[in-house]
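>>> Just a sequence and a predicted model for now, questions to come.
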Amino acid sequence: MIRVACVLAGVVALVAGGSRPDVDGVPFAMAFRAGAADQYRNQQVRGTGVNFHGGITERIADGTTRTSLVITVGAVRESAPPALVKSWDEFVAAERARTTLVVALSGANLPVPAAGPPQTYEFSGVYDGQVRTIMRVPGAEDSTTPDTGPCKGEQPRGGGGSFYCAPLLVSATAAVANR
């Protein structure tokens, strides 16, 4: 009888507790940068940002490929809130300064970015602890600020280039923002 009561109390507590609120992409990216992203593990992350990297071909375990995206949600500023990054010049400046805040998206139906200027996307995905190595844009390798390098275990073959580690949101969705 006591076991049944405990099980029922646990189920009621689980249902009554509801789900945790979604996490905004900028504080999440800041937490990842600070090494504190695990507090958001298995939570839905939502935000808006610009895709400066274009579409990235991701190979799936079954050998097929699909599009994944890297979304820039801002850039870190000293003693100020993160700055929005809207133009290519702002993006390259943030990459050179090593202040870019990005999230990588992996999902079954992510859109293929259109040719032309970078587009702004609204996105959503779950952070389950996975990461993705991102290559800095050409022209950003010549920074005097040291790079953090690729994600652990993801050293590129052949060297060259400048890399950093980003959080990967899985089961992600994205759509061009109507602004």
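Thanks, I have the structure now.
>>> Provide the secondary structure category for the residue nearest to residue 53 when sequence neighbours are not counted.
Closest residue in space to residue 53, ignoring its immediate chain neighbours: residue 70 at 4.2 Å, by C-beta to C-beta, 6 or more residues apart in numbering. In short, each C-beta sits where N, CA and C put it, glycine included. At residue 70 the chain is in strand, as set by DSSP: H, G, I helix; E, B strand; the rest coil.
>>> Please, which helix or strand holds residue 30?
Secondary structure assignment for residue 30, by DSSP states H and E: helix 25-33.
>>> What's the first helix or strand after that helix?
strand 43-51.
>>> How far off centre is that following strand?
7 Å (C-alpha atoms, centre = their mean, to the nearest Å).
>>> Stretch 57-75 too?
That offset, for stretch 57-75, works out to 11 Å (C-alpha atoms, centre = their mean).
>>> what does stretch 48-64 give?
12 Å.
>>> Bridged to the residue nearest to residue 43 when sequence neighbours are not counted, which residues?
Excluding its sequence neighbours, the residue lying closest to residue 43 (C-beta to C-beta, 6+ apart) is residue 23, at 5.2 Å. Applying DSSP bridges to residue 23 gives these bridge partners: residue 45.
>>> All set now, cheers.
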